[in-house]
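Undergrad: my questions concern the predicted model and sequence given below.
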Amino acid sequence: MPQIVQLPYIFASQLFWLAVVFGFIFFVIGRGMLPKIQSTVELREKQIADDLERAARIAQEAKQASAAKTEAKVHAAVDRLNAKVENAEARIRDAVAAARAEIEVVSADATRDMVARLTDIKIDAKEATGAVKAELNV
């Protein structure tokens with residue numbers, strides 16, 4: 001076979017061209033393009049890390065703002081409820097005072113009426129009112 005006989009003559013030149021092609025590939029891709037690709041990847045990773053950090057900071061600020069807003073709303077609601085409670089307590093105190101005054105008036109009239117019917121003695125309104133107040137305050 002003539003191809004096998006020619007092998008020792010062309011083997012050295014094929015090895016030479018193989019080394020030239022791989023050397024060219026190594027220097028063009030390995031030394032020229034790869035550093036650019038690596039710097040682009042590193043820049044992108046840094047950009048992503050910065051974006052994530054900024055997003056986390058924005059989320060934290062939004063959370064704090066929301067908490068402050070909610071706290072302000074809760075305080076406003078508590079203040080409104082406290083005002084309503086104080087108003088209701090004042091109305092209750094006024095109602096109790098009015099009822100007590102009415103009870104004193106009715107009791108004084110009833111006392112005067114009972115004493116007049118039982119003993120035929122007429123009692124002064126001030127005297128009856130003073131006696132009822134004294135009994136109610138005990």
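TA: Arrived safely. Residues are numbered from 1 along each chain as shown.
Undergrad: which elements pack onto the helix or strand hosting residue 118?
TA: Following DSSP states H and E, the helix or strand that holds residue 118 is helix 34-119. Judged by 3 or more Cβ pairs under 8 Å, 6 or more residues apart in numbering; DSSP states H and E, the packing partners of helix 34-119 are helix 125-136. Using the backbone N, CA and C atoms, a C-beta is placed for each residue, glycine as well.
Undergrad: can you tell me what sits against the helix it packs on?
TA: Contact partners of helix 125-136, identified using Cβ atoms under 8 Å, 6 or more residues apart in numbering, comprise 100, 103, 104, 105, 107, 108, 109, 111, 112, 115.
Undergrad: pull out the buried positions in it.
TA: Of the residues in helix 125-136, 128, 129, 131, 132 count as buried by neighbour count, 16 or more other Cβ atoms under 10 Å.
Undergrad: any weak-confidence spans in this structure?
TA: 1, 138 (pLDDT under 70).
Undergrad: report the two of the contacts of helix 125-136 separated the most.
TA: Using Cβ to Cβ, the contacts of helix 125-136 span at most 22.0 Å, a distance reached by 100 and 115.
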